[in-house]
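>>> 3D model of this:
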Amino acid sequence: MSAANLSIVDEVETALNTGSAEKRLEAVRRVTELFLSSAGVYDSEQIDLFDNVLERLIKTIEIRAIADVSARIALAELSTQLAPVSQAPPSVVRRLARNDEITVAGPVLRESAPFECGRSD
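Next comes the predicted model:
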């Protein structure tokens with residue numbers, strides 16, 4: 001694992017365990033950027049890993065998004081980035097599609113490949 005990837009792992013762990021809301025938002029952005037950089041070549045196990053990490057981070061952000069515009073904007077950006085990616089992490093796409101904010105749900109509902117939108121959490 002490269003030093004850059006290791007620092008992202010450390011950043012995610014810190015964000016989940018003790019990080020501020022801003023650290024969590026930055027971790028989502030960095031993990032998403034890493035995923036998008038090679039989305040077309042990941043195997044199912046790697047996609048599942050991204051799915052798990054992003055899902056954990058999104059759960060912490062969704063609670064904050066109720067009262068915080070920057071958290072809603074971050075989720076909407078994530079939705080817009082992942083919507084056109086055919087290998088996007090499925091649990092994350094489902095979670096975004098179920099969001100009450102149309103700016104978050106809209107991109108994945110419009111652009112993502114059909115998927116089962118049942119509750120998985």
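>>> so what pLDDT did Q81 get?
Note on Q81: pLDDT of 95.
>>> Can you get me a residue count around it?
By the measure other C-beta atoms under 10 Å, the count of residues near Q81 is 17. All C-beta spots, glycine's among them, are computed from the backbone N, C-alpha and C.
>>> V85 now?
18.
>>> For the residue lying closest to it once chain neighbours are set aside, which residues are in contact?
Excluding the flanking residues, the one nearest V85 by C-beta to C-beta, 6 or more residues apart in numbering is A39, at 5.0 Å. Residues near A39 by C-beta atoms under 8 Å, 6 or more residues apart in numbering: V85, Q87, A88.
>>> go with 10 Å
Taking C-beta atoms under 10 Å, 6 or more residues apart in numbering, we find A39 in contact with T32, Q46, I47, F50, Q81, L82, P84, V85, S86, Q87, A88, P89.
>>> Tabulate these (JSON lines), appending secondary structure and distance to R56.
Shown next, in JSON lines, are those (DSSP: H, G, I helix; E, B strand; the rest coil; distance: C-beta to C-beta, whole Å):
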{"residue": "T32", "secondary structure": "helix", "distance to R56": "13"}
{"residue": "Q46", "secondary structure": "helix", "distance to R56": "16"}
{"residue": "I47", "secondary structure": "helix", "distance to R56": "15"}
{"residue": "F50", "secondary structure": "helix", "distance to R56": "11"}
{"residue": "Q81", "secondary structure": "helix", "distance to R56": "18"}
{"residue": "L82", "secondary structure": "helix", "distance to R56": "16"}
{"residue": "P84", "secondary structure": "coil", "distance to R56": "24"}
{"residue": "V85", "secondary structure": "coil", "distance to R56": "19"}
{"residue": "S86", "secondary structure": "coil", "distance to R56": "23"}
{"residue": "Q87", "secondary structure": "coil", "distance to R56": "19"}
{"residue": "A88", "secondary structure": "coil", "distance to R56": "16"}
{"residue": "P89", "secondary structure": "coil", "distance to R56": "11"}
